[in-house]
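> Sharing a model prediction with you, sequence too.
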Amino acid sequence: MTSHTFYSIIAAADWIGIAVFAITGALVASRKQMDIVGFAFLGTATGIGGGTIRDLLLGQTPVFWVQEPLYLVVCIACSMLVFFVAHVPRSRLVLLLWLDALGLALFCVLGAEKALTHGPVVAAAMGVVTATMGGMIRDILGGESPVILRREIYATAALLGAVTYLTALLVMPREWAMLAGFAAAFGLRGLALAKRWSLPVYKPREARRPEDVGL
Amino acid sequence: MTSHTFYSIIAAADWIGIAVFAITGALVASRKQMDIVGFAFLGTATGIGGGTIRDLLLGQTPVFWVQEPLYLVVCIACSMLVFFVAHVPRSRLVLLLWLDALGLALFCVLGAEKALTHGPVVAAAMGVVTATMGGMIRDILGGESPVILRREIYATAALLGAVTYLTALLVMPREWAMLAGFAAAFGLRGLALAKRWSLPVYKPREARRPEDVGL
Amino acid sequence: MTSHTFYSIIAAADWIGIAVFAITGALVASRKQMDIVGFAFLGTATGIGGGTIRDLLLGQTPVFWVQEPLYLVVCIACSMLVFFVAHVPRSRLVLLLWLDALGLALFCVLGAEKALTHGPVVAAAMGVVTATMGGMIRDILGGESPVILRREIYATAALLGAVTYLTALLVMPREWAMLAGFAAAFGLRGLALAKRWSLPVYKPREARRPEDVGL
């Protein structure tokens, strides 16, 4: 595979990830019955949120969508489309969660790829940040319980995807490593959704209120 | 109008916007019965929040108030003033919403102006970011429902102001274009407040809970 | 004291502050019964949150933990440790609040130190930001009421510590000034916790809802 083809694939994956995250943001806006500007706002914040935080942390500013405003246009267009067709799918929530899983799997690999020069620990962290922050912004702004903190496999899937990619890089060409990372993340998150899997949680004791301990 | 006068007007508008946003933050602190440090903290975060996020996204760091700490001093002074006089106005909430409208209209133009070199799409986005993020930080920290996501015309007014400014720039001098943008944003937001206007919202279906769709 | 010793002390204080904040984040994760990845995520975000925001505002990017990934490793290790031993202390909440006080007192001095070249107002602000933002991120992500906005002395203690450090710098060597700032912040926050102290709050009037004032 030529280097040119490789960068075309990365670019395509990037656009797809941003579009599907924008759609999930707009679907939350439809669940909250916002107006069309609310759709555009929440869709755009979700689509570009993860990559924006990654760019800020790495000091790659102006952030990517300031350098290429077409990203904003795509997010706004996707969000407006959702405004008009959100009643079509039988369940917005199921669609939202599967699109979110797709975006998560794409971005955990692309985020790690963007931070490769900073070493494996930072690359894995940036994979997780890029994959999860858009959804976290969406859930905080939309008043939903952040999916990353619910008792399901979510950040874990992003971490697995990033680590799989970084490990696979050692033994195979870049494009196959990316595919492996994507498959690992999407597979785990998809299984968690389909089978309602979760990791064991910390259970010994419920939280008490400040008054209960004399504060 | 000389260039010197022009920059004096921009600077004055900037200080006024920061002061009125700081006051709205302090008014939320008074609604939540915080102590004086809480007033200063919430007032300052609201006053400088929008411009700070704009500077970070554009990579203009250190952010503006690190370069000119007087902004912090003004925010703290305004917030402390509110601590002592917040009981005077008949309705803090009405005052808060109108001052917020004033800050919104000033910052959507100033934010777009600061990002002009990045093209119209980014400039409009930065107008909306600068105008709305201070209030969003205020509402999230103060535990209020973010005004930007309520069913009223808010981000829409900021967007209208920024787009009006950018369009007007093509046909009139800068200072008149700024006035036009300000008038458009303040007029629309003011009408929305006075007449309780809102855009049509997405209504087809209420949100269901995860359990309802088998998750 | 040699310059070498001085920097060793600063570095040690930095690592201790990050570790204790990471532990407080993991303790919140245990209160919310998250899984182990949730512990690692919330612990890490809390440990590095304050310093990350300080670095972003000052334009010191890539942020500190991208340049030294060992910080991430320490945060993750501390969080995982908490996953296995959080049931040991008699009260997680009391432990959490005292560790938080320790981190607060360390970071208000270290944050001010890092921003010294920007003048006293910005240095004091960065002390408060570094000391309080990790805890604020922890509380927002963990769904707790942010400790900084509760009616107790919190940001006030960070501010006192930073101002004490900056003032003491004028009359004593750096290491003693740091100790003075730390003692002032930890003393005040500790007294506030032990004696349930708080500043006088704004009391004249409860908040009304939008409907009450005709909005």
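Structure's in. What do you need?
> How about the residue in chain A positioned nearest to chain B, nearest residue that isn't a chain neighbour?
The shortest separation between chain A and chain B is 2.7 Å, found at A:Thr61 (distances taken as C-beta to the nearest C-beta). No exception for glycine: its C-beta is placed from N, CA and C like everyone else's. Nearest-residue entry for A:Thr61: B:Gly59, 2.7 Å, with adjacent residues in sequence omitted and distances by C-beta to C-beta, 6 or more residues apart in numbering or on different chains.
> right, and the residue of chain A closest to chain B touches B:Val63 too?
No - the pair A:Thr61 and B:Val63 fails to qualify as a contact (C-beta atoms under 8 Å) at a distance of 11.6 Å.
> Find the residues that touch each one of the two.
Both A:Thr61 and B:Val63 are contacted by B:Leu56, under the criterion C-beta atoms under 8 Å, 6 or more residues apart in numbering or on different chains.
> any idea which helix is longest in chain A?
Of all the segments of type helix in chain A, defined by DSSP state H, the longest one is helix A:3-31.
> buried set for that helix?
Within helix A:3-31, the residues that count as buried by 16 or more other C-beta atoms under 10 Å in any protein chain shown are A:10, A:13-14, A:17-31.
> So for the residue nearest to A:Thr61, what pLDDT did the model give?
B:Gly59 carries a pLDDT value of 93.
> give the contact list for it.
For B:Gly59, the contacting residues are A:61-63, A:66, by C-beta under 8 Å, 6+ apart.
> Next, it: phi, psi?
When read as degrees, to the nearest 10, the backbone of B:Gly59 gives phi 80, psi 20.
> Same question for A:Asp35.
Recorded main-chain torsions at A:Asp35 are phi -90, psi 180, according to degrees, to the nearest 10.
> before we move on, what about A:Ala86?
phi -70, psi -20.
> For it, report the pLDDT, please.
The per-residue confidence score, pLDDT, reads 72 for A:Ala86.
> repeat for the one 4 residues further on
With respect to pLDDT, A:Arg90 has a value of 71.
> That one in helix, strand or coil?
When the structure is split into helix, strand and coil by DSSP: H, G, I helix; E, B strand; the rest coil, A:Arg90 lands in coil.
> returning to what we had before: anything in the longest helix of chain A near chain B?
Yes - residues of helix A:3-31 contacting chain B under C-beta under 8 Å from any C-beta of the partner chain: A:29-31.
> ok, those residues vs A:Leu106, which is closest?
A:Ala29 (21.6 Å; C-beta to C-beta).
> so that closest one touches A:Gly38, yeah?
Yes - proximity of A:Ala29 to A:Gly38 meets the contact threshold set by C-beta under 8 Å, at 5.2 Å.
> Under the pLDDT cut-off, which ranges of chain A? List them.
Applying pLDDT under 70 to chain A flags the ranges A:1-2, A:145-152, A:197-215.
> what are the phi and psi angles of A:Glu68?
Per-residue torsions, A:Glu68: phi -140, psi 80 (degrees, to the nearest 10).
> OK, contacts around it?
Taking C-beta under 8 Å, 6+ apart as the definition of contact, A:Glu68 has no neighbours.
> how much space between it and A:Ala115?
In this structure, A:Glu68 and A:Ala115 are separated by 19 Å, where distance is defined by C-beta to C-beta, to the nearest Å.
> quick one, what contacts the residue nearest to A:Leu159 when sequence neighbours are not counted?
Setting aside the residues directly before and after it, A:Leu159 is nearest to A:Val128 in space (C-beta to C-beta, 6+ apart), at 5.4 Å. By C-beta under 8 Å, 6+ apart, the contact list for A:Val128 reads A:108, A:111, A:155, A:158-159, A:162, C:41.
> Swap in 7 Å and give it another go.
A:108, A:155, A:158-159, A:162 (C-beta atoms under 7 Å, 6 or more residues apart in numbering or on different chains).
> Tell me the buried residues within those residues.
Of the members of the contacts of A:Val128, the ones counted as buried by neighbours, 16+ other C-beta under 10 Å, are A:108, A:155, A:158-159, A:162.
> Which pair of the residues you listed spans the longest distance?
Taking C-beta to C-beta as the measure, those reach their widest spread between A:Ala155 and A:Ala162, a distance of 10.4 Å.
> still on that earlier bit, quick one: which of the contacts of A:Val128 is nearest to chain C?
The shortest approach to chain C among these belongs to A:Ala155, at 5.1 Å (C-beta to the nearest C-beta).
> and that closest one, what does it touch?
By C-beta under 7 Å, 6+ apart, A:Ala155 lies in contact with A:128, A:132, A:148, C:37, C:41.
> Now, those residues that are in helices?
Counting by DSSP H, these contribute A:128, A:132, C:37, C:41 to helices.
> and the two most separated of those residues?
Comparing every pair within the ones in helices among the contacts of A:Ala155 by C-beta to C-beta identifies A:Thr132 and C:Val37 as the most remote, at 10.6 Å.
> out of the two, which sits in the more crowded spot?
A direct count of neighbours by other C-beta atoms under 10 Å in any protein chain shown for A:Thr132 and C:Val37 places A:Thr132 higher, at 28 against 24.
> TSV for the contacts of B:Gly59, including neighbour count?
Output for these, formatted as TSV (neighbours: other C-beta atoms under 10 Å in any protein chain shown):
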residue	neighbour count
A:Thr61	21
A:Pro62	16
A:Val63	20
A:Val66	22
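> Pipe these into a markdown table and attach secondary structure per row.
Written out in a markdown table, the entries for the contacts of B:Gly59 read as follows (three-state DSSP):
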| residue | secondary structure |
| --- | --- |
| A:Thr61 | coil |
| A:Pro62 | coil |
| A:Val63 | coil |
| A:Val66 | helix |
